[in-house]
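S.K.: Here is my input; please provide its structure:
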Amino acid sequence: MSYAAIVTAGYIMVFLFGIIIGSFLNVCIFRIPKKESIVFPHSHCMACGYQLRWYDLVPVFSFIFLRGRCRKCHAKLSLQYPLVEGLNGALYITVFLANGWNISSLICCLLTSALIVISVIDFRTMEIPNGANLFILILGGIVTVLDRVHWAEHVIGMVAVSGFLLIIYLVTVGRGIGGGDVKLMAAAGLFLGWKSVIAAFVIGCILGSVIHVVRMKVTHAEHVLALGPYLSAGIWISALWGPYLVDQYAKLCGF
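M.R.: The predicted model follows:
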């Protein structure tokens, strides 16, 4: 087998693993806001309660085969299922393309999945689950240990953005920024380090400003926005290309 074939097979495996994890993310997205267990009961149709069999749970492909409907009651299934599964798989491939085949890519994939859960839940409920933030904080601790030479940058990162957001939160009594956003940027700061977390925040704010203005014009969305999805996008971009973006900005400014 040629090297190209081996690499291609590797990326196919990464994608398949990604959509399998994506299936679990859907469970988290639906159950966490309801304070339900993500382990029990087993997956079932939201409309009729039909307990799904293993062949109903094949990520992406089961949705296509069933034409987006429950096998038993034929109720229409949410398009979120294949979208989250496919997105998680595609982003996993992107992570490995950007970082290569190493432990860093594996950790970034776990970060990616947590950010997807945060983005969808916050977009729907305007709340970021503490469990997801805690998971990212744990990943940040692992990254800090692995990058212990620069541990101070990671520790400073915890307050570089979140400290500023906390002041806004306290001054506005939670009306200017959500507590979940503050916790998210603290956890992300430990993961990224102070330079990249600032870049993540700037990217997230720019994305939020542009995209939400478009949403208000096109879909008449409310002025109040869920910042979590945009911050998550900024965090993900910085996790992969943060140092490069910071260096390019420094060169542009003549630093």
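S.K.: tell me the contacts of Phe14?
M.R.: Check again: residue 14 is Val, not Phe. By C-beta atoms under 8 Å, 6 or more residues apart in numbering, the contact set of Val14 is 89, 92-93, 96. No exception for glycine: its C-beta is placed from N, CA and C like everyone else's.
S.K.: ok, so of these, who is nearest Trp151?
M.R.: Distance to Trp151, by C-beta to C-beta, is smallest for Phe96 among these, at 26.0 Å.
S.K.: mind checking the SS state of the closest one?
M.R.: helix (DSSP: H, G, I helix; E, B strand; the rest coil).
S.K.: tally of neighbours for it?
M.R.: Neighbours of Phe96 under the rule other C-beta atoms under 10 Å: 22.
S.K.: Kindly report the same for Leu166.
M.R.: For Leu166, the count of nearby residues is 18 (other C-beta under 10 Å).
S.K.: do the same with Thr125
M.R.: Residues near Thr125, counting by other C-beta under 10 Å, number 13.
S.K.: Could you report the pLDDT at it?
M.R.: Looking at Thr125, its pLDDT reads 94.
S.K.: For it, give its distance to Ile211.
M.R.: 19 Å (C-beta to C-beta, to the nearest Å).
S.K.: ok so, going back, let's see if you can find the most crowded of the contacts of Val14.
M.R.: Tyr92 (26 neighbours).
S.K.: need the contact list for that one.
M.R.: By C-beta under 8 Å, 6+ apart, the contact list for Tyr92 reads 14-15, 17-18, 21, 109, 112.
S.K.: got a winner among those residues for most neighbours?
M.R.: Busiest of the contacts of Tyr92 [other C-beta under 10 Å] is Gly18, holding 26 neighbours.
S.K.: pLDDT below threshold where in the chain?
M.R.: Across the chain, nothing is flagged by pLDDT under 70.
S.K.: can you pull out the helices in it?
M.R.: Listed in chain order, the helices of the chain (DSSP state H) span 3-31, 61-65, 80-99, 103-125, 130-146, 151-160, 162-171, 179-192, 194-218, 228-253.
S.K.: buried ones in the last one?
M.R.: For helix 228-253, burial by neighbour count (16 or more other C-beta atoms under 10 Å) applies to 228-240, 242, 245-246.
S.K.: Closest one to Met185 out of these, please.
M.R.: Leu231 (6.7 Å).
S.K.: Report the contact partners of the closest residue to the closest one other than its chain neighbours.
M.R.: Nearest residue to Leu231 in three dimensions, chain neighbours excluded: Gly204, at 4.0 Å (C-beta to C-beta, 6 or more residues apart in numbering). Gly204 sits next to 227, 230-235 when contact means C-beta under 8 Å, 6+ apart.
S.K.: Which stretch among the helices of the chain is buried most, on average?
M.R.: helix 179-192 (a mean of 26; mean count of other C-beta atoms under 10 Å).
S.K.: Done for today, thanks.
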